[in-house]
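J.: Got a predicted structure plus its sequence, pasted below:
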Amino acid sequence: MANFDYVIVGSGSAGSVLAGRLGEDAGVSILVLEAGGADRDPFIRIPIGIGVMHERRSHDWGYDTEPEPGLGGRSIEAMRGKVVGGSSTINNIGWVRGNRGDYDRWAARGLPGWSYAHVLPYFRRAETWEEGANTYRGGDGPLHIRRGRTVDPLFDAYMEASAAQGYPFTTDHNGASQEGIARAQNNILGGRRHSLADAYLRPAMARGNVTLETGAHATRIIMEGSRATGIEYVQGGQTKVAHAASQVILSAGVFNSPQLLMLSGIGPADALRKLGITALVDLPGVGRNLQDHIAVIVYNKRPVPGPFVGELRADRMIVNIIRAHLFGTGPATIFPGGMHGYIRTEDGLTAPNIQLMFRGVSTAPHLWFPGIRKPQADLCGVRPVLLHPQSRGWLALASSDPFDKVRIQQNFFAEPGDMDTLRKGFQICREIMAQPAMDDFRGIETAPGADVTATADIDAWIRATAVTAHHPCATCVMGVGADAVVDGEFRVRGADNLRVVDASTMPDLVSGNINACVVMMAEKASDQIRGRSPLPAAEV
């Protein structure tokens, strides 16, 4: 049994930010509980290692969805990071804030302090942008952001083809205008992944008032009536308790934070009672409103292999990995993706509804060596991502055992309009690939194939191949409605001294990857928890 001012469950993006900012107050003590292990895997540090980690599902909770009716009954993987740094340690290190219309939408739904003008200062506070500070970008924050540095003539052709299709280049998708085609941005420092644990948690631990416990699986919030007083957790087979004098903060992620609430009696009362759990706070919204980005990909064979195939020759890659580890230089320090696009498929929308992810390599690249293994067939393509699905999923406890995985139902395409929008995105990708600028790079279409043209066939292919973009959120939504779980300061409704700060509290999906949004939310939450005045709204 130990006593702290704050106990934070989860060392992922939000938990690391909170530990870093709350730990700036020298007089407080903070415990961070992480169910996973240390982030020492060499593939974590080098950007090229992402493929290996995803293929092996390393440092992952191992979640898969229930069979999805909208995907032909397929169960799909739902990776979430189980390691120091959480999903920021295993994600694609894309830094995307979303669109200003996303946050103005949040404000219009009863969260006035969450408009774009109110959140922009927190985005700026979090980052060091390699090109320096300006009205929209930060220049001295903990997390380092740089432009993608993929070198491949294919990407110039993509830009020319997109412009011909009516989607011009934007110089900074995190700046004044998100819409259009832009070079990707990544959290990389010195040629290595710059996770949130590196940026916030480790500096906080170095100050001496933040303690990190790994292999610590939280099993229950300790409640005295409606007041949260600590966390029970299991570590090394032993049950332990950590008391929090000030706040218990759940930053365990979109699946684990609602699970811990429900295990502790906070959630839909009837469902909890059926599992033998005493319902302390009836919050029907816990575990509801699950949303995620879903995507497919239009692929063509490249007539001439691109430069990445050459880099995958085994002897070269071994040298490049060593270079990356020792010196932070070489091809292994460059994430193998170079460009995104943010577009609207129809007029009148307040934010883009399709994200375009441009790819210059196959989905399953592998090491090769002459006479031993051939290189893979090289491909290029565009992946349309559905940014604002109307469908809503859910998660539920499988049992009252905290070591049982939650049941996850994404419910993709439950609303017909989602298929209509993603189909439009797919057709736009095909049209970009058909532009003359792509003539030197576009061979035969391998996915879905040139013969797939009828609407019914396209929809069937989408259902058979669509996958998550790994941006789940909103299972403990922030808001004011009946399903709201936390208020605009992340306080759990009906409970005292208990907050949830992570992707689960996003009111809905933003227009792009969600990690930057989660970091911003945790930055803002840290001021709220410390009782500080919010940063002044930006005049933009």
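T.: Okay, I see it. Bear in mind that the values here come from a model prediction, so they are computed numbers and not experimental data. Numbers count the residues shown, from 1 in each chain.

J.: can you pull out the strands in the stretch 351-500 of the chain?
T.: Taking DSSP state E, counting those that start in this stretch to define them, one finds strands in the stretch 351-500 of the chain at 354-359, 379-386, 394-396, 407-409, 445-447, 467-468, 498-500.

J.: low pLDDT regions in this structure?
T.: The chain contains no residues with pLDDT under 70.

J.: By residue count, which helix of it is the longest?
T.: Longest helix of the chain, by residue count under DSSP state H: helix 416-433.

J.: now it, how far from the chain's geometric center?
T.: 23 Å (CA atoms, centre = their mean, to the nearest Å).

J.: who touches stretch 185-194?
T.: Residues from elsewhere that reach stretch 185-194, judged by CB atoms under 8 Å, 6 or more residues apart in numbering: 44-47, 88-89, 93-96, 143-148, 173-174, 195, 198-199, 324, 327-330, 333, 335. All C-beta spots, glycine's among them, are computed from the backbone N, C-alpha and C.

J.: Now restrict the residues you listed to buried residues only.
T.: 44-47, 88-89, 93-96, 143-148, 173-174, 195, 198-199, 324, 328, 330, 333, 335 (16 or more other CB atoms under 10 Å).

J.: So which of those residues belong to strands?
T.: Counting by DSSP state E, these place L143, H144, I145, R146, R147 in strands.

J.: In helices, which of the contacts of stretch 185-194 appear?
T.: Per DSSP H, helices hold the following members of the contacts of stretch 185-194: I44, R45, A324, F327.

J.: Show me what the closest residue to the second one other than its chain neighbours is bridged to.
T.: Nearest in space to R45, with sequence neighbours left out and distances taken as CB to CB, 6 or more residues apart in numbering, is R192 at 4.6 Å. Under the criterion DSSP bridges, R192 forms beta bridges with L189.

J.: R192: neighbouring residues, count only.
T.: The number of residues packed near R192 is 18, by other CB atoms under 10 Å.

J.: quick one: it from A332, how far?
T.: Plainly put, R192 is 10 Å away from A332 if you go by CB to CB, to the nearest Å.

J.: With A228 instead?
T.: A228 sits 44 Å away from A332, going by CB to CB.

J.: Could you report the neighbour count for L263?
T.: Neighbour tally, L263, other CB under 10 Å: 24.

J.: which residues does the spatially closest residue to G337 that is not a sequence neighbour contact?
T.: Once flanking residues are discounted, G337 sits nearest to A184: 5.9 Å by CB to CB, 6+ apart. Counting by CB under 8 Å, 6+ apart, A184 touches G94, R147, G148, T150, F335, G337, G338, M339, H340.

J.: Could you do V385 as well?
T.: H293, I294, A295, I354, Q355, L356, M357, G425, A469.

J.: Quick check: the gap between it and P534.
T.: Distance from V385 to P534, by CB to CB: 31 Å.

J.: ditto for I8
T.: 21 Å.

J.: looking at this structure, which residue ends up farthest from its center?
T.: Taking CA atoms, centre = their mean, the residue of the chain most remote from its mean C-alpha position is G371, at 40.0 Å.

J.: how close does that residue get to D378?
T.: The value you get for G371 to D378, if CB to CB is used, is 19 Å.

J.: who's in contact with stretch 302-316?
T.: In contact with stretch 302-316 (CB under 8 Å, 6+ apart) are residues 151-152, 154, 317, 320, 331, 336, 360-361, 365-369, 372, 375-376, 378-380, 440-443.

J.: how about the helices of the stretch 251-400 of the chain, start to end?
T.: Remark: helices assigned in the stretch 251-400 of the chain by DSSP state H, counting those that start in this stretch are 256-263, 269-274, 307-311, 314-327.

J.: Out of those helices, which is closest to E489?
T.: helix 256-263 (16.1 Å; CB to CB).

J.: out of the strands of the stretch 351-500 of the chain, which comes closest to M79?
T.: Per CB to CB, nearest to M79 of the strands of the stretch 351-500 of the chain: strand 467-468, 8.4 Å.

J.: partners of the closest one, with directions?
T.: Strand 467-468 has these strand partners (DSSP bridges): strand 294-295 (antiparallel).

J.: re earlier: if any of the contacts of stretch 302-316 are buried, put those into a ChimeraX selection.
T.: Burial among those is assessed by 16+ other CB under 10 Å; the matching ChimeraX selection reads:
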select :152,154,317,320,331,336,360,361,365,368,375,376,378,379,380,441,442
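
J.: For R192 and A332, list the residues in contact with both.
T.: Going by CB under 8 Å, 6+ apart, residues that sit against R192 and also against A332 are I46, P47, A324.

J.: residues contacting the last one?
T.: Remark: with contacts taken as CB under 8 Å, 6+ apart, A324 is in contact with R45, I46, P47, I48, G191, R192, G330, A332, T333.

J.: Pick out the most distant pair among these.
T.: R45 and G330 (13.1 Å).

J.: How many residues are close by Q427?
T.: Counted with other CB under 10 Å, Q427 comes out at 15.

J.: again with L386
T.: With other CB under 10 Å as criterion, L386 counts 28.

J.: please begin residue numbering at 3 from this point
T.: Sure, I'll start counting at 3 from here, so that last one is L388.

J.: List the beta-bridge partners for it.
T.: Bridge pairing for L388 - DSSP bridges - gives I296, I356.

J.: and it, what does it touch?
T.: L388 neighbours (CB under 8 Å, 6+ apart): H295, I296, A297, N355, I356, D420, T423, L424, G427.
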